[in-house]
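>>> Compute the structure for the input listed below.
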Amino acid sequence: MKFRFPYMTQTQLGKLFGTTSHKIGQWLKKIGLRDAEGKPTEKAHDGGFCTQAQSGQCGYHWTWHSEKTIAALRKAGYALVANPPQSLVNPAILNGPYSIRQSASAEFAIENADGSVSLWANNSMTAHVVIKILNALHKTGVIDRMSEKQRLLQSDLAPQAVIDRVVTPFE
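Take a look at the predicted model:
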């Protein structure tokens with residue numbers, strides 16, 4: 001899954017996990033990235049999980065490194081929503097190996113290696129058949145070849161530092 005922003009607010013993270021910013025804050029405390037007062041811990045700072053961002057004209061708030069924070073929350077057992085907002089992530093590209101996760105609504109999500117969901121099945125038998133087909137095609141490289149154009153369309157044109165030097169913000 002490719003995130004549109006390198007850092008996200010707890011509200012944005014909440015949209016990816018289907019919960020509130022307050023719940024994300026509680027989860028970050030549980031995994032040791034926030035202290036009892038809600039501030040990033042030494043572990044969060046040392047691990048590059050957070051940074052300060054401007055908030056209004058005279059304040060700041062903490063934002064969280066998208067890839068690192070989401071990976072840590074997923075490792076702790078929290079699941080991303082099936083169809084995350086396109087304002088926060090690029091559309092999922094098939095990338096294996098694949099696995100199955102049953103949703104709360106009794107459907108079965110076919111998960112890519114990065115945790116994103118590209119396909120849904122309405123029953124377990126169909127999900128397992130699709131997984132076998134996808135994993136077989138993944139092992140032979142067929143899916144990678146078929147998804148190459150989509151990956152190219154979603155790739156960065158240049159490193160962000162180069163883009164920042166070339167693109168002048170409007171004032």
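
>>> Poorly predicted segments of this protein, please.
Within the chain, the stretches with pLDDT under 70 are 1, 82, 104-105, 152-171.

>>> Name the next helix or strand following the longest helix anywhere in it along the chain.
Secondary structure assigned by DSSP state H gives helix 124-140 as the longest helix of the chain. Moving toward the C-terminus from helix 124-140, the next helix or strand (DSSP states H and E) is helix 142-154.

>>> and that next one, what does it pack onto?
helix 124-140 (3 or more CB pairs under 8 Å, 6 or more residues apart in numbering; DSSP states H and E). Every C-beta, even on glycine, is put in place using the N, C-alpha and C of the backbone.

>>> Now do F49 against L33, distance only.
In this view, F49 and L33 are 6 Å apart by CB to CB, to the nearest Å.

>>> any common contacting residues for those two?
Taking CB atoms under 8 Å, 6 or more residues apart in numbering as the contact rule, F49 and L33 both touch P40, K43, W64, T69, A72.

>>> what's near enough to touch the third one?
Right, W64. Y7, M8, T9, Q10, L13, L28, L33, F49, C50.

>>> Look at it and give its secondary structure.
strand (DSSP: H, G, I helix; E, B strand; the rest coil).

>>> If it is in a bridge, with which residues?
W64 forms beta bridges with M8, C50, as assigned by DSSP bridges.

>>> Tell me how many other residues surround A109.
Neighbourhood size, A109 [other CB atoms under 10 Å]: 23.

>>> Isn't it up against A92?
No - counting by CB atoms under 8 Å, A109 does not reach A92; the two are 10.6 Å apart.

>>> residue ranges for the strands of this protein, please.
In the chain, the strands defined using DSSP state E lie at 7-8, 50-55, 59-65, 99-102, 108-111, 117-121.

>>> Roughly how far does the residue nearest to R151 when sequence neighbours are not counted sit from L33?
Nearest residue to R151, sequence neighbours excluded (CB to CB, 6 or more residues apart in numbering): I93, at 5.6 Å. According to CB to CB, I93 stands 28 Å off from L33.

>>> Between the two, point out the one with more neighbours.
Between I93 and L33, L33 has the larger neighbour count (other CB under 10 Å), namely 23 against 19.

>>> domain ranges for the protein?
Using automatic domain parsing, the domain parsing of the chain gives 7-75, 91-171.
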